[in-house]
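Asker: predicted model and sequence below, questions to follow.
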Amino acid sequence: MAIAALIIFIVFFLIFAVFFAIDYNRRKNSNRKYHKNEVIVALLLLIPAVVLAFFFVVLPIIFSFGYAFTDYDLLSPNDIKFVWFDNFRMLFKEFANQGEIFLSFRNTALFVVLVVPLQITMALLLALFCNNKRRGTTIFKVCFFAPVAVSLSVTAFLWLVILSPNPAGIMNSILKNFGIPAQDFLGNKNTVILWMVIISAWQGCGYQMLIFLSALGNIRKDLYEAASIDGAGPFRKFFTVTVPGLRPTMLYILITVFIGACRVLIQPMLLTGYQDRSMTLSYYMYQQGFTYRHVGYSCAVALVLTIVIGSITFLQRKLLGEKKK
Amino acid sequence: MASISLRHIFKEYPHTAKERKKEEEKNISPFAVRDFNLEIKDGEFVVLVGPSGCGKSTTLRMIAGLEDISGGELYIDDVLSNNVDASKRNIAMVFQNYALYPHMTSYGNMAYGLKLRKVSKTLRVVDKDAIKALKQKRKETKDDEELKRIDEEIESLKNNPSKEKTVLVHYTKAEIDEKIQKAAEILDIKHLLDRKPSDMSGGQRQRVALGRALVREPKVFLLDEPLSNLDAKLRASMRSEIVKLHRTVKTTFVYVTHDQIEAMTMGEKIVVMKDGVIQQVGAPSVIYDKPLNKFVAGFIGTPQMNFFNVKLKAGAKDVHITLPNNKEISFKLDELRKIKDEYITGEEKEVILGIRGENISLNNKKGGIDAQVVFAEMLGNTTNIICKLDDSTDEFNISIQDRTELKPGDKVSVSFNATAIHLFDKENEETIYLSEGE
């Protein structure tokens, strides 16, 4: 294993060196020439990042790709057999039989479809609200951003308290005032995904708000003035100036939120545990790999998930991205 | 087309108490524009010019309705317009950075304002009230002939829409297209109509921005430094384009620039501003020949007017001026423009003498003013010779319409053209000449 890692590392470093050499040569032919010392300094400065990226990003990807075709089990780590596509066959069979992977796929899809529009809309509304020079907006910005800074596990426990099925729980006692009987929000299979969506969007949108805010700041003011003179009201201004101005940012946010939502894991883990009603693909993967110790199978799921997310992201970029000239 | 009247206009931006205190300490006026009075006649081309931060753009934006007016009254076509919404003022504005909507084509940019706009249209409709009245009358009459007559009348009313009704309608697509094509023709941008701003050069974008203003058929064109993002050559050609456009559409133009050449070449009336206050209003030739104060004299014209601190002794017949190198030059009183009475006392007064380079001649006559050449710069059609009176005085320039062989260090003798001498009070820097009509 260690030898394999070393070989991969050397290959990786060689690829890096080749890229660097190509770049170096190209520069050499142009007017800008690198000094030898500059090259050495640049390489030295790059080494920490390259080594870290290698051990924590590249190596796991390569290993998990390899494991996906083996029967690697944590209980028998020294007895790994190459099984080709058995893991994938098993995966699709379970999916066809509407097993756990099907449930987790269904839950994840539902979560993604709900959380992406909600989180982006909330982030945009908050950004519009904060995007003025009124006094005290900084306080709002801090408030809206605060959940991002708090650990997901902490907020999950907070929400567990709020959404407690106990009639004395916070949400239930509020509902009691309206004459609504006590609910088991997270125990009900109809509402649990909805609450996961709300909690995730609430926690995540502050970060996207900041990105939107900086994008709003970059929209030129004279466009709004030109629109005023043209007779556009606030809504028209929003759609003719703000929305086109936010378009590139919107795509970036859409892709990052989408990818983040596809990987949802901590929310179901902490709110409900491993349950049919709330399990997601990442959770399923984790469960297979670390609880049942079927690492090979788990890696196969990861590979399929990566391919699915990758192709949807690619589609989003193709369909919504600015056309290149 | 419209006249604009600005009466005692003030503009103050919101200040925090801290900022205000700082300003008071430094004795800075809190107003961006102070007591601005200007009458702009219908169809006039007015240029507001001044150094950056002098309040010219603020004034323009107040006319546009993009900026609140802190005090005073703004009349557009004799209608008090302080609180009229920008879109209702029927003005068009061209911005420095063009402000074209980046995701729309040129056509879309020009059409946008037209699509949003509602215009009153007079339609002829069936006079329902008259018919109602006739029907009432018909009920009351029993005479057959009368009934027949009324029926005929009702019928004719129904067939001939006679009542005039004014309604607000949007332009139709065909109308919008017609206007855009017409404007595109004038500005020669027909081939650019389906391009987006990112696919056009600065000059082309500026034309489209002008087109967007033009299609609105506004009462007033407001242009806020529209040429400052263009290169020098393009700027010169766009200058004449805009002047031509003004002649074609015969609408009121208010043009803001910090470039005095633009002001001189384009304006029918120039308003020179400094620190939010009007310094002088007048035709370009008046501003150039008869500046009211030292600021206007120095701001307008390149190379800059030369200034000397001199002593003036004006008697009943002769005027003696002592230059900084103690050389005295004399003129007859009637050679100069009329000097205010309080300066013709026969006593020596400290004043500032201003004279443009082209009004100093190199004649090497005896009795001229001795000077020393510092260097000469050849500009093609003219030559600037930088001289100084002696080593202790500032440099001044002479511009001649000829080539020169003069080298640094050469001694020359120069003389001042008396009619082109400007004299300003040393204290308040105002002209000491009588203005016209005084």
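Answerer: Nice, thanks for sending it over. None of these values were measured; they are calculated from a predicted model.
Asker: tell me where the stretch 1-150 of chain B has helices.
Answerer: For the stretch 1-150 of chain B, the helices defined by DSSP state H, counting those that start in this stretch cover B:17-26, B:56-64, B:106-116, B:128-140, B:144-159.
Asker: can you name the residues of chain B that neighbour chain A?
Answerer: B:64-66, B:85-87, B:91-93, B:95-97, B:99-104, B:112-113, B:116-117, B:212 (CB under 8 Å from any CB of the partner chain). Bear in mind the C-beta positions are built from the backbone N, C-alpha and C, glycine included.
Asker: make JSON lines out of the helices of the stretch 1-150 of chain B and add distance to A:Ile101.
Answerer: Shown next, in JSON lines, are the helices of the stretch 1-150 of chain B (distance: least, CB to CB, whole Å):
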{"stretch": "helix B:17-26", "distance to A:Ile101": "64"}
{"stretch": "helix B:56-64", "distance to A:Ile101": "63"}
{"stretch": "helix B:106-116", "distance to A:Ile101": "49"}
{"stretch": "helix B:128-140", "distance to A:Ile101": "72"}
{"stretch": "helix B:144-159", "distance to A:Ile101": "75"}
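Asker: in the lengthiest helix in chain B, what counts as buried?
Answerer: Identified as the longest helix of chain B according to DSSP state H is helix B:232-249. By neighbour count on 16 or more other CB atoms under 10 Å in any protein chain shown, the buried set for helix B:232-249 is B:Leu234, B:Arg235, B:Met238, B:Arg239, B:Glu241, B:Ile242, B:Val243, B:Leu245, B:His246, B:Val249.
Asker: show me which of the residues you listed is closest to chain A.
Answerer: Nearest to chain A, judged by CB to the nearest CB, of the buried residues of helix B:232-249 is B:Val249 at 17.3 Å.
Asker: which non-adjacent residue is nearest that closest one?
Answerer: Residue nearest to B:Val249 in three dimensions, not counting chain neighbours: B:Leu214, with 6.9 Å by CB to CB, 6 or more residues apart in numbering or on different chains.
Asker: quick one: contacts of stretch B:139-151?
Answerer: Applying CB atoms under 8 Å, 6 or more residues apart in numbering or on different chains, the contact partners of stretch B:139-151 are B:Leu134, B:Lys137, B:Arg138.
Asker: how about the CA coordinates for it, as PDB?
Answerer: The C-alpha atoms that make up stretch B:139-151 are tabulated as PDB, following Å, rounded to 0.1, in the frame of the first residue of the first chain:
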ATOM      1  CA  LYS B 139     -88.900  57.200 -25.200                       C
ATOM      2  CA  GLU B 140     -90.500  60.500 -24.500                       C
ATOM      3  CA  THR B 141     -91.700  61.400 -28.000                       C
ATOM      4  CA  LYS B 142     -94.700  59.800 -29.600                       C
ATOM      5  CA  ASP B 143     -94.500  61.500 -33.000                       C
ATOM      6  CA  ASP B 144     -93.600  59.000 -35.700                       C
ATOM      7  CA  GLU B 145     -91.700  61.400 -37.800                       C
ATOM      8  CA  GLU B 146     -89.700  62.600 -34.800                       C
ATOM      9  CA  LEU B 147     -89.000  59.000 -33.900                       C
ATOM     10  CA  LYS B 148     -87.700  58.300 -37.300                       C
ATOM     11  CA  ARG B 149     -85.500  61.300 -37.200                       C
ATOM     12  CA  ILE B 150     -84.100  60.300 -33.800                       C
ATOM     13  CA  ASP B 151     -83.400  56.800 -35.100                       C
END
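Asker: so for the most centrally placed residue in chain B, what pLDDT did the model give?
Answerer: Most central in chain B under CA atoms, centre = their mean is B:Val47, positioned 1.2 Å from the mean C-alpha point. For B:Val47, the model assigns a pLDDT of 95.
Asker: show me the helices in the stretch 201-350 of chain B, by range?
Answerer: Counting by DSSP H, counting those that start in this stretch, the helices of the stretch 201-350 of chain B are B:202-215, B:232-249, B:260-266, B:284-289, B:294-299.
Asker: which of these sits closest to A:Ala168?
Answerer: helix B:202-215 (64.3 Å; CB to CB).
Asker: what's in contact with that closest one?
Answerer: A:226, B:92-95, B:98-100, B:106, B:109-114, B:179-180, B:182-184, B:186-189, B:192, B:195, B:197, B:200, B:221, B:226-227, B:229-231, B:234, B:238, B:241-242, B:245, B:249.
Asker: of those residues, grab the buried ones for PyMOL.
Answerer: A single PyMOL command is used to select the members of the contacts of helix B:202-215 judged buried by 16+ other CB under 10 Å:
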select buried, (chain A and resi 226) or (chain B and resi 92+93+94+95+98+99+100+106+109+110+111+112+113+114+179+180+183+184+186+187+189+192+195+197+200+221+226+227+230+234+238+241+242+245+249)
